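In: Quick one, structure for this:
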Amino acid sequence: MSSNSEQISKTKRVEAMFNDIAPKYDFLNHFLSLGIDRIWRRKVIRKIVNDEPTDVLDIATGTADLAIMLAKKHATVRITGVDLAENMLAVGRKKVDELNLSNRISLKQGDSLSLPFENDSFDCAMVAFGVRNYENPVKGMEETLRVLRSHGKFYVLEFSKPRRFPLAQLYRFYFRAILPLVGRMVSGHKQAYTYLPESVSAFSDGNDFILLMEKAGFLGCKFKKLSFGIATIYEGVKG
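Out: Okay, here's the model as predicted:
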């Protein structure tokens, strides 16, 4: 199979999976992370608010949690969210409408590897728990770089792998045994919550991901571990 057909295949698989679990996604996200994911997102939002951006791109926006959080903290920012899964976006649009934020948050279907925007469209881009789903992380980040304006910031929040005893062992047990079982019971989807730990395990985290950001063209790349290394915030800037 060619690399191009593999890419299309993974894109379609990820799209179908998230479309299937969309109704339960928010509940499971917060439940399975014990609510800690909200704390992690707030840390990213604080960094972005300090930059005072006007136009922000939220890649792999899902049900728009990060976009909504930013809109609440930054009264004048405009946010465009893109995601593969239309069912996830439908949940997000409902939340945005209920909060009367549709004048500042727009959500559209799109692929991170081929963003439907002109060059230099945004002064900030963010992605939470989505980069590990990219078939080609470097290509995806090159696309992000393309649509950012000069000196635009890029923030990534992603799961990582704690390495110290005993957290590393507890983390692996939770991710491989507990999370897939509960996720399958609640969502009714056999593969989705097996895919999650597999995708986290395969993800290049820490300095390895910094190298990928630099390869894509970002400058000043750095990262900060959260919750003893369970998650990490990465940031870079367009020259």
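
In: Only C-alpha atoms from now on, for both contacts and neighbour counts.
Out: OK.

In: Leaving out the residues flanking it, which one is nearest to R176?
Out: Among residues not flanking R176 along the chain, P197 sits closest, at 6.3 Å (C-alpha to C-alpha, 6 or more residues apart in numbering).

In: what about that neighbour, is that helix, strand or coil?
Out: helix (DSSP: H, G, I helix; E, B strand; the rest coil).

In: For it, report the pLDDT, please.
Out: Looking at P197, its pLDDT stands at 83.

In: Tell me, how many residues neighbour the nearest residue to E118 once chain neighbours are set aside?
Out: Of all residues not flanking E118 in the chain, V147 sits nearest, at 6.2 Å (C-alpha to C-alpha, 6+ apart). Neighbourhood size, V147 [other C-alpha atoms under 10 Å]: 21.

In: quick one: V147 and F122 touch, right?
Out: Yes: V147 lies in contact with F122 (C-alpha atoms under 8 Å); the separation is 6.2 Å.

In: if we can go back for a sec, now the residue nearest to E118: how far from D120?
Out: Remark: distance between V147 and D120 (C-alpha to C-alpha, to the nearest Å) = 5 Å.

In: Contacts for whatever helix or strand A67 lives in, please.
Out: Taking DSSP states H and E as the definition, A67 sits inside helix 65-73. With contact meaning C-alpha atoms under 8 Å, 6 or more residues apart in numbering, helix 65-73 is reached by 41-42, 45, 49, 58, 61, 77-79, 81, 92, 96, 101, 104-105, 128.

In: if you look at these, which of them are in helices?
Out: Residues of these located in helices (DSSP state H): R41, R42, I45, V49, G92, V96.

In: burial measure for the first one, as a count.
Out: By the measure other C-alpha under 10 Å, the count of residues near R41 is 17.

In: if I pick it, what's in contact with it?
Out: For R41, the contacting residues are L66, A128, L157, by C-alpha under 8 Å, 6+ apart.

In: What are the boundaries of the strands in the protein?
Out: Taking DSSP state E as the criterion, the chain carries its strands at 55-59, 78-83, 105-109, 122-128, 148-159, 219-226, 231-237.
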